[in-house]
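S.K.: kindly generate the corresponding structure for this input.
(one chain, ligands or ions: 1)
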Amino acid sequence: MQLMEQELKSHPSLEPQRRLETGEASSLNRYVRRAAIGTAAGLIASIALVATQPNRPLAILLALALGALYGMVVRPAPLAYADSLFTAAALAVAVWGVMSVIVLPALAGEPPRWDVEGVRAVFPEFAGWILYGAILGLTTQAFADGVNRVMGPEALPRKPSAAQATSIVILGGGFAGMTTAENLEREFGADPSVTFTLVSDANALLFTPMLAEVAGSSLEPSHISTPLRTSLHRTAVVRGHVTHVDLETRCVRAASPHGGEDQEIPFHHLVFALGSVSNYFGNENIRNCSFDFKSLLDAIRIRNHVIDMFECADRETDPAIKKEFLTIVIAGGGFAGVELAGALNDFARGILADYPHLRSEDVNVTLVHARDLILPELSPTLGEYARRSMEARGVHFELGRRVMDARPGAVMLDNREIAARTLVWTAGTAPNPLMRECGLKVDKRGAALVDKNLAIAGYKGVWALGDCAAVVDGKTQQPCPPTAQFALREGRALARNIKAAIQGGKLQPFHFDSLGALCVVGHHTAAAELNLPWPIRKSVRFSGLLAWFMWRGIYLSKLPGLERKVRVLIDWIIELFFPRDIVQTIDLK
Ligand SMILES: Cc1cc2nc3c(=O)[nH]c(=O)nc-3n(C[C@H](O)[C@H](O)[C@H](O)COP(=O)(O)OP(=O)(O)OC[C@H]3O[C@@H](n4cnc5c(N)ncnc54)[C@H](O)[C@@H]3O)c2cc1C
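M.R.: Just a heads-up that it's a prediction; the model follows:
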């Protein structure tokens, strides 16, 4: 009987099943395997492109190349058909914008088709790209599941288990911390000789690019946050506020959110990913009279406060006070300030129909910015375009001006005073003060100085990234901007470097070429500046409806988790047909 069981176990036809059940890895290089899956899926999905693109051979080539790229980059979870379909179809919207509107005309020696006529002409190709994406997502998923069954899971190099596990502690559950944890899990697989702990005072990753839409009542707050515990599989998540880090005894202290005993967490490797805080440049009046715009709670408070102001204004008979209630001042003309001004302006004007005693002329959304051009992150033409289209929708601008002081009911600029009951501060941020308090070497903004491998000099196994670190690109020697785009890439690079440091490998300097920037400036309008990759290596700028479509396609595909994607999509569809919700969800008093 025993012999029979042994024979059965080693029978060749049962080998794949046994491998899958035991988790034994296939010996094929994982990237070769993924590229092969993606190419095969791309070939099947090419049907959609061949039927809709004018140049068929090019369509097949593109379908294969993009399929291989998709297969290599995206690693679907088993049987996640809906997620794969949705993600690939959403990515296809962005590819349509880049390929059909910009790259293919450029290769044919024609100008990009981003004017209304041009976009209309390439619109039939849109359906082809969406269908291509959907088929690609589904077939990649099916092939990946099939190959897993036949050949066993992907080969992940494993390290023999050590007597005492190496403990890696990550501080901060934002883009940088969460990506580092996810990639560490991927890099180390099931290796039991390493443990991961993530300490964060929020229990979810906040998708900040969509925060303005929460303040503007377009999206439900919880739909843009992803619980850390759901996304991480073998990382211990500790909800706590880090109050002290002792780099000599190698221990982190975290306060419990409900005032219990502090928790002490020892580490072998420590990652600082604590982000940034609002910087009021020492002005306590502004701090006390303004709203921050960094967290989900900030966005919820702003939305509820604006509704509160409309309620007060509706019963107010004094026209001057009524105007004061309906004036919203936003300090700072960077991405956060501009997107918020656009969203609040749309929201405020959109809900007027519910308030019979208020008129559009009474609403005043004013953006105060210290420079002459808003959106310094984009080119001057796009900044100017954004300003003009926002002005056309009723936003006022105070350019070359600063908010100097504030008191309840008034905001003081350097040239005049604005009677306003709402001030939102996006004009300054500073790296998390804990970086300085820990005794780390910091730059003049307070960001931790790291070398090109994201390591902090002088402390073995201590690393920093994201908004709290002064990261310099290892290739270009340029400082990396504090954006989610960079934080995500730094997280991936850091996970590889930590693994190399533990296993005695070679550390790789961080390098990333920015993909560009997208900014929504109001309903159905956005400004975009995209950096096309090799061989074109050009930066293209466009704006309007196409940019807005791209913004939605790209950010929807980047929002973690299928469930969140569906919820956000449903919110957007509802917004097309129904007025904005004015139910107050928190009592601000
Ligand atoms: C409104 C807004 C819109 C934005 N839009 C874009 C955009 O469109 N594109 C883009 O690329 N970037 C955008 N950004 C910038 C982007 O959000 C940041 O660059 C990015 O979040 C940085 O990631 P991070 O992980 O370093 O910091 P964060 O994402 O801020 O994460 C820091 C984490 O640390 C936690 N934390 C902080 N202090 C402690 C403590 N003492 N103890 C425990 N936990 C702590 C926080 O709760 C948080 O989870 C936007 C930012 C804002 C505010």
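S.K.: can we go C-alpha only for contacts and neighbour counts from here?
M.R.: Will do.
S.K.: give me the helix or strand of the protein that scores worst on average pLDDT.
M.R.: helix 2-9 (a mean of 39; mean pLDDT, DSSP states H and E).
S.K.: A strand includes residue 508, no?
M.R.: No: judged by DSSP: H, G, I helix; E, B strand; the rest coil, residue 508 forms no part of a strand; its state is coil.
S.K.: how much space between it and residue 493?
M.R.: 8 Å (C-alpha to C-alpha, to the nearest Å).
S.K.: out of the two, which sits in the busier spot?
M.R.: residue 493 (22 against 15; other C-alpha atoms under 10 Å).
S.K.: surely the more buried one is in a strand?
M.R.: No: Residue 493 is assigned helix when assessed by three-state DSSP, not a strand.
S.K.: ok, for it, nearest residue in space, not its chain neighbours?
M.R.: residue 510 (6.3 Å; C-alpha to C-alpha, 6 or more residues apart in numbering).
S.K.: correct me, but that neighbour touches residue 450?
M.R.: No: with contact defined as C-alpha atoms under 8 Å, residue 510 does not count as touching residue 450 (10.8 Å).
S.K.: where do the contact lists of those two overlap?
M.R.: Counting by C-alpha atoms under 8 Å, 6 or more residues apart in numbering, the common neighbours of residue 510 and residue 450 are residue 472.
S.K.: look up how far the ligand lies from residue 503.
M.R.: In this view, residue 503 and the ligand are 26 Å apart by C-alpha to the nearest ligand atom, to the nearest Å.
S.K.: count of residues packed around that residue?
M.R.: Neighbour number of residue 503 under other C-alpha under 10 Å is 10.
S.K.: and for residue 174?
M.R.: Around residue 174 there are 26 residues (other C-alpha under 10 Å).
S.K.: who's in contact with the closest residue to it other than its chain neighbours?
M.R.: By the measure of C-alpha to C-alpha, 6+ apart, the closest residue to residue 174 outside its immediate chain neighbours is residue 205, 5.3 Å from it. Each residue near residue 205 by C-alpha under 8 Å, 6+ apart is listed here: 173, 174, 175, 178, 225, 226, 227, 228.
S.K.: what's the longest helix anywhere in the chain packed up against?
M.R.: Counting residues, the longest helix found in the chain (DSSP state H) is helix 123-151. Applying 3 or more C-alpha pairs under 8 Å, 6 or more residues apart in numbering; DSSP states H and E, we find helix 123-151 packed against helix 15-22, helix 30-52, helix 81-96.
S.K.: got the residue ranges for the strands in the stretch 301-450 of the chain?
M.R.: 327-331, 364-369, 395-399, 403-407, 410-413, 417-419, 422-425, 429-431, 448-449 (DSSP state E, counting those that start in this stretch).
S.K.: wait, which of these is closest to residue 259?
M.R.: strand 429-431 (25.5 Å; C-alpha to C-alpha).
S.K.: can you list the strands that the closest one pairs with?
M.R.: Sheet pairing here is set by DSSP bridges, and for strand 429-431 it gives strand 276-278 (antiparallel).
S.K.: identify the residues contacting the partner strand?
M.R.: Counting by C-alpha under 8 Å, 6+ apart, 292, 294, 425, 426, 428, 429, 430, 431, 432, 433, 467, 468 sit against strand 276-278.
S.K.: and stretch 392-408, by the same measure?
M.R.: 283, 285-286, 289, 331, 341-342, 345, 364-374, 391, 411-415, 421.
S.K.: ok, back up a step: selection in ChimeraX covering whichever of the contacts of strand 276-278 are buried, please.
M.R.: A single ChimeraX command is used to select the members of the contacts of strand 276-278 judged buried by 16 or more other C-alpha atoms under 10 Å:
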select :292,294,425,426,429,430,431,432,433,467,468
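S.K.: which members of the contacts of strand 276-278 are the farthest-apart pair?
M.R.: Maximum pairwise distance among the contacts of strand 276-278 (C-alpha to C-alpha): 19.5 Å, between 425 and 468.
S.K.: tell me which residue in the stretch 1-150 of the chain sits closest to the ligand.
M.R.: residue 94 (15.5 Å; C-alpha to the nearest ligand atom).
S.K.: so who does that residue touch?
M.R.: 550, 553, 554.
S.K.: if we use 6 Å, what do you get?
M.R.: residue 550 (C-alpha atoms under 6 Å, 6 or more residues apart in numbering).
S.K.: and it, how far from residue 210?
M.R.: For residue 94, the distance to residue 210 - C-alpha to C-alpha - is 17 Å.
S.K.: residue 254 now?
M.R.: 29 Å.
S.K.: likewise residue 113?
M.R.: For residue 113, the distance to residue 210 - C-alpha to C-alpha - is 28 Å.
S.K.: those two: which is more packed in?
M.R.: More neighbours surround residue 210 than the other of residue 113 and residue 210, with 24 against 21 (other C-alpha under 10 Å).
S.K.: how about the nearest residue to that one, chain neighbours excluded?
M.R.: residue 224 (6.8 Å).
S.K.: count of neighbours near residue 70?
M.R.: Neighbours of residue 70 using other C-alpha under 10 Å come to 24.
S.K.: how about it, nearest residue that isn't a chain neighbour?
M.R.: That would be residue 38: by C-alpha to C-alpha, 6+ apart, it lies 6.2 Å from residue 70.
S.K.: what about the one you found, neighbour count?
M.R.: 31.
S.K.: and for residue 360?
M.R.: Counted with other C-alpha under 10 Å, residue 360 comes out at 13.
S.K.: distance of it relative to the ligand?
M.R.: Distance from residue 360 to the ligand, by C-alpha to the nearest ligand atom: 26 Å.
S.K.: gap between the nearest residue to that residue once chain neighbours are set aside and residue 306?
M.R.: Once flanking residues are discounted, residue 360 sits nearest to residue 349: 6.6 Å by C-alpha to C-alpha, 6+ apart. Separation of residue 349 from residue 306 (C-alpha to C-alpha): 12 Å.
S.K.: which one of the two is surrounded by more residues?
M.R.: residue 306 (24 against 17).
S.K.: mind checking pLDDT for the more buried one?
M.R.: pLDDT for residue 306: 97.
S.K.: how many neighbours does the residue of the stretch 251-400 of the chain found nearest the ligand have?
M.R.: Closest contact between the stretch 251-400 of the chain and the ligand, by C-alpha to the nearest ligand atom, is at residue 275 (3.3 Å). Residue 275 sits with 25 neighbouring residues when counted by other C-alpha under 10 Å.
S.K.: and if you look at residue 224?
M.R.: Neighbours around residue 224, by other C-alpha under 10 Å: 24.
S.K.: give the contact list for the spatially closest residue to residue 135 that is not a sequence neighbour.
M.R.: Spatial nearest neighbour of residue 135, excluding adjacent residues (C-alpha to C-alpha, 6+ apart): residue 45 at 5.2 Å. Residue 45 is in contact with 132, 135, 136, counting by C-alpha under 6 Å, 6+ apart.
S.K.: re the thing from before, okay if I get the strands of the stretch 301-450 of the chain as JSON lines plus mean pLDDT and distance to residue 545?
M.R.: Below are the strands of the stretch 301-450 of the chain laid out as JSON lines (pLDDT from 0 to 100; distance: least, C-alpha to C-alpha, whole Å):
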{"stretch": "strand 327-331", "mean pLDDT": "98", "distance to residue 545": "25"}
{"stretch": "strand 364-369", "mean pLDDT": "98", "distance to residue 545": "23"}
{"stretch": "strand 395-399", "mean pLDDT": "97", "distance to residue 545": "19"}
{"stretch": "strand 403-407", "mean pLDDT": "97", "distance to residue 545": "33"}
{"stretch": "strand 410-413", "mean pLDDT": "97", "distance to residue 545": "34"}
{"stretch": "strand 417-419", "mean pLDDT": "97", "distance to residue 545": "33"}
{"stretch": "strand 422-425", "mean pLDDT": "98", "distance to residue 545": "27"}
{"stretch": "strand 429-431", "mean pLDDT": "95", "distance to residue 545": "31"}
{"stretch": "strand 448-449", "mean pLDDT": "97", "distance to residue 545": "40"}
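S.K.: and residue 56, which of the ones you listed is closest to it?
M.R.: Of these, nearest to residue 56 by C-alpha to C-alpha is strand 395-399, at 46.8 Å.
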